[in-house]
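[1] how would this look folded up:
(one chain, ligands or ions: 2)
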Amino acid sequence: MEKMILIKYGELTTKKGNRNMFIKILTKNIEEMLREYNVHIVKNRVRMFIEVLDGKFDEVVLKLQKVFGLHSIVICEKVNTKEIEEIKKISLELLKKEVFHTFKVVTDRADKTYPINSMEVSRQVGGYLLKYLENKKVDIHHPEMTLHIEIRPDGTYFYTKEIEGIGGYPVGIQGKGMLMLSGGIDSPVALYLALKRGVQIECIYFDSPPHTSLEAKNKVLKLASILNEYSGHIKVHIVPFTKLQEAIFKNCDPTYMITIMRRMMYRISERLAKKRNCKIIINGESIGQVASQTLSSMSVINEVTNMPVIRPVACMDKLEIIRLSEKIGTYETSILPYEDCCTIFVPKHPVIHPDLKKAKEMEQTFDYESLIYECIKNVETISNFEEETNDLL
Ligand code: ATP
Ligand code: MG
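    Ligands and ions are numbered 1, 2, ... in the order given. Just a heads-up that it's a prediction; the model follows:
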């Protein structure tokens with residue numbers, strides 16, 4: 001008997017070309033995720049099998065639980081025989097080790113040349129188990145134990161436990177997006193959700209020293225490094241935003257400070273996105289959460305770009321977002337108390353329903369184009385999160 005990992009793919013589209021692409025990118029992502037381990041991967045259209053040659057099954061499973069595109073992860077036992085009497089004996093051997101009262105047997109006959117159909121295999125194995133195991137009962141609907149038997153061309157696979165994968169599409173299948181990453185709770189969750197739909201991510205962070213601290217910047221990098229464990233390849237572009245922000249503060253009505261600041265952020269995000277070959281902008285805005293996220297604010301802010309702006313948490317409640325951030329491991333870092341640039345320049349009474357014409361008039365009072373140019377020219381890019389990032393904070 002040989003112990004190995006069996007992967008069931010996530011949300012596959014049915015089109016053949018897409019399926020091949022899905023499996024190809026997923027395999028590449030898994031290979032990268034497991035590069036420190038001695039594994040051998042074999043795949044076909046419906047399953048992937050991973051032999052763990054150094055025996056570190058638990059560690060490999062933990063890594064696989066962070067790969068998008070996996071429906072489930074199964075540790076199974078494989079034998080080369082498909083002989084029904086052997087299948088019965090192995091089933092008995094496996095279930096003898098387990099504690100349970102009720103059970104059922106589910107068979108998948110992937111080898112269509114196999115002479116006994118799935119139902120019949122399950123029936124025969126079930127009967128054999130009832131005969132040789134004491135005090136066990138079959139329960140088709142709510143069994144405590146399910147023995148899965150998969151009969152494939154190359155042998156028979158047995159398993160009893162299925163570990164849930166995180167689903168979604170393999171990262172990279174959808175091209176790239178530019179995500180506005182702040183140190184808050186929302187944007188890291190937005191990042192996770194975009195990754196989950198297969199979007200590869202580059203991040204943009206607006207840094208305003210000395211109004212914002214080095215800790216605030218490091219917090220953003222720490223968040224990126226936590227999320228990088230789900231995908232690899234995350235980059236963070238740090239935009240020196242101080243001069244532009246001070247110019248807005250000096251030249252614009254304080255109630256429009258945030259509206260105009262965010263219009264500038266969108267402009268810069270769009271330009272950097274184009275430069276970096278990203279097709280969309282993504283951020284952590286949530287409808288109604290603050291003055292700049294009312295529908296009228298969003299439309300005035302969004303007016304500066306034609307690029308699609310995706311807001312994965314737009315329709316989620318704050319509590320739902322918090323729960324997800326706890327689950328993905330970013331919450332504890334997000335709640336560290338370092339202020340970002342938005343909180344420092346927040347006026348007492350920001351406009352809730354800004355007027356587009358007024359916003360444009362205020363922007364005409366200073367040369368923001370050259371300040372935007374400076375911002376983009378002086379971007380600093382961080383891309384290596386492989387190294388230890390624990391000492392950032
Ligand atoms: P919180 O979780 O406290 O709401 P937040 O990061 O969502 O924090 P908001 O002021 O609600 O803060 O900002 C809305 C969105 O704008 C963020 O989710 C993020 O995508 C983007 N954003 C805000 N500040 C920055 C920044 N300094 N750099 C990059 N993106 C930012
Ligand atoms: Mg927010």
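[2] Where does pLDDT dip in the stretch 1-150 of the chain?
    12-16 (pLDDT under 70).
[3] for ligand 1, what are the nearby residues on it?
    Residues of the stretch 1-150 of the chain lying close to ligand 1 by C-beta under 6 Å from any ligand atom: none are found. Glycine gets a C-beta too; all of them are placed from N, C-alpha and C.
[4] all helices for the stretch 1-150 of the chain, in order.
    16-33, 57-64, 84-96, 118-132 (DSSP state H, counting those that start in this stretch).
[5] got the buried residues for the longest one?
    Buried residues in helix 16-33, counted by 16 or more other C-beta atoms under 10 Å: 22, 23, 25, 26, 27, 29, 30, 33.
[6] what's the closest of those to ligand 1?
    residue 29 (24.8 Å; C-beta to the nearest ligand atom).
[7] I'd say that closest one and residue 169 touch.
    No - here residue 29 lies out of contact with residue 169, judged by C-beta atoms under 8 Å, at a distance of 10.4 Å.
[8] Pull up the overlap in contacts between those two.
    Taking C-beta atoms under 8 Å, 6 or more residues apart in numbering as the contact criterion, the common neighbours of residue 29 and residue 169 are 68, 69.
[9] For the stretch 101-250 of the chain, which residue gets nearest to ligand 1?
    Closest point on the stretch 101-250 of the chain to ligand 1, by C-beta to the nearest ligand atom, is residue 184, at 2.0 Å.
[10] Let me know the pLDDT of that residue.
    As predicted, residue 184 sits at a pLDDT of 94.
[11] Need the three-state assignment for it.
    With DSSP: H, G, I helix; E, B strand; the rest coil as the basis, residue 184 sits in coil.
[12] Neighbours of it, how many?
    21 (other C-beta atoms under 10 Å).
[13] gap between it and residue 313?
    11 Å (C-beta to C-beta, to the nearest Å).
[14] and if you look at residue 102?
    With C-beta to C-beta as the criterion, residue 102 and residue 313 are 42 Å apart.
[15] circling back to that earlier point, show me whatever sits in contact with both of residue 184 and residue 313.
    Contacts common to residue 184 and residue 313, judged by C-beta under 8 Å, 6+ apart, are residue 284.
[16] what residues are up against residue 201?
    176, 177, 179, 191, 194, 195, 227, 231, 234, 282.
[17] From residue 158, how far off is the fourth one?
    Computed with C-beta to C-beta, the distance linking residue 191 and residue 158 is 39 Å.
[18] Looking only at neighbour counts, state which of those two leads.
    Comparing residue 191 with residue 158 by neighbour count (other C-beta under 10 Å), the higher total belongs to residue 191, at 31 against 20.
[19] burial of residue 177, as a residue count?
    25.
[20] go on, residue 71?
    16.
[21] With secondary structure and pLDDT added, can I get the contacts of residue 201 in TSV?
    Converted to TSV, the contacts of residue 201 look like this (DSSP: H, G, I helix; E, B strand; the rest coil; pLDDT from 0 to 100):
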residue	secondary structure	pLDDT
176	strand	97
177	strand	98
179	strand	98
191	helix	98
194	helix	98
195	helix	97
227	helix	96
231	helix	78
234	coil	95
282	strand	98
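[22] which two from those residues end up farthest apart in space?
    Of all pairs drawn from these, the greatest distance, 14.8 Å, lies between 176 and 227 (C-beta to C-beta).
[23] Looking only at neighbour counts, state which of these two leads.
    residue 227 (24 against 18).
[24] For the residue lying closest to that one once chain neighbours are set aside, give its distance to residue 182.
    Spatial nearest neighbour of residue 227, excluding adjacent residues (C-beta to C-beta, 6 or more residues apart in numbering): residue 191 at 5.3 Å. Per C-beta to C-beta, residue 191 is found 11 Å from residue 182.
[25] again, but for residue 54
    Taken as C-beta to C-beta, the span from residue 54 to residue 182 is 40 Å.
[26] who has more neighbours, these two?
    residue 182 (24 against 11).
[27] Quick check: residues of the stretch 151-300 of the chain near ligand 1?
    So the stretch 151-300 of the chain meets ligand 1 at 180-182, 184-187, 204-206, 283-285, 289-290 (C-beta under 6 Å from any ligand atom).
[28] switch the cut-off to 8 Å
    179-187, 190, 203-208, 212, 220, 239, 241, 262, 265, 282-286, 289-290, 292-293 (C-beta under 8 Å from any ligand atom).
[29] Mind checking which of the residues you listed are buried?
    179-187, 190, 203-208, 212, 220, 239, 241, 262, 265, 282-286, 289, 292-293.
[30] Show only the entries of these found in helices.
    186, 187, 190, 220, 262, 265 (DSSP state H).
[31] what's the most distant pair in the residues you listed?
    220 and 262 (17.3 Å).
[32] buried set for whatever helix or strand residue 222 lives in?
    Assigned by DSSP states H and E, residue 222 belongs to helix 214-231. By 16+ other C-beta under 10 Å, the buried positions in helix 214-231 come out as 215-228, 230-231.
[33] hang on, isn't residue 5 packed against residue 72?
    No - between residue 5 and residue 72 there is no contact under C-beta under 8 Å: 10.6 Å.
[34] Among those two, which residue is more densely surrounded?
    Using other C-beta under 10 Å as the criterion, residue 5 and residue 72 rank with residue 5 on top: 22 against 16.
[35] what bridges to the more buried one?
    On the basis of DSSP bridges, residue 5 is bridged to residue 50, residue 75.
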